[in-house]
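Asker: just coords:
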C-alpha cells in the first residue's frame, strides 16, 4: 500500500515553484504512484492565495499552471460530515487545516517546514495519529535518497 501524505503550502511551493532539491524525490515518488498525496478545498484555496504573493513573481498564467500541476498529483479529500478528530491545536490557526486533512485522509505523514507544526509532532497530551516531518526527513524515512 502506498504511503499517504499531506503537503503544507510551503512544501508545495518548494516542489512546484522552486524545484527544491529536498522535495524533488517526493514529487518523483508521487508521480510514479509510490506515494499518494492528498489535498482539500481549503488547502487549495490557501495555495492559490499564497501563489499570488508578489515575492513569488507568478503571473496569472503561471499560477494556473502551478495549481493545475498540484491538482494533477493530489487526490481531493474534502470533509463529508462532522469531523471530531483528537488532534493537537496549532497556534497558527491557518495550519490546523493540514492537521485535519491528514487525519481525515488517514495520512501517514504531514510534510512541512513550519516550526509550529513540527513542534506538534512531539505533543505529549494529544500526539497526532500521523508523523509530522520535514521533506528531508521524509526522504530518509521513505528511502528516496
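Answerer: Right, received. Where do you want to start? Everything numeric in this text was worked out from a predicted model, so none of it was measured.
Asker: going forward, measure contacts between C-alpha atoms and count neighbours the same way
Answerer: OK.
Asker: beyond the biggest helix by length in the chain, next helix or strand please.
Answerer: Longest helix in the chain, counting residues (DSSP state H): helix 60-73. Moving toward the C-terminus from helix 60-73, the next helix or strand (DSSP states H and E) is strand 74-76.
Asker: buried sites along that next one?
Answerer: Applying a neighbour-count criterion of 16 or more other CA atoms under 10 Å, one finds 74, 76 buried in strand 74-76.
Asker: after it, which helix or strand is next?
Answerer: By DSSP H and E, the next helix or strand past strand 74-76 is helix 93-104.
Asker: got the buried residues for that next one?
Answerer: 95, 96, 98, 99, 100, 101, 102, 103, 104.
Asker: quick one: contacts for residue 76?
Answerer: Counting by CA atoms under 8 Å, 6 or more residues apart in numbering, residue 76 touches 38, 39, 40, 41.
Asker: distance-wise, check it relative to residue 33.
Answerer: As for residue 76, its distance to residue 33 is 15 Å (criterion: CA to CA, to the nearest Å).
Asker: helices or strands up against the helix or strand of the chain with the lowest mean pLDDT?
Answerer: Between all helices and strands in the chain, the lowest mean by mean pLDDT, DSSP states H and E belongs to helix 115-120, at a mean of 90. Contacting helix 115-120 under the criterion 3 or more CA pairs under 8 Å, 6 or more residues apart in numbering; DSSP states H and E are the following elements: strand 131-133.
Asker: just checking, what packs against the longest helix of the chain?
Answerer: In terms of contacts (3+ CA pairs under 8 Å, 6+ apart), helix 60-73 is packed against helix 41-51.
Asker: now do stretch 32-42: distance from first to last residue.
Answerer: End-to-end distance for stretch 32-42, by CA to CA: 26 Å.
Asker: centre of the chain to it, how far?
Answerer: Relative to the chain's own centre, stretch 32-42 is displaced by 8 Å; criterion: CA atoms, centre = their mean, to the nearest Å.
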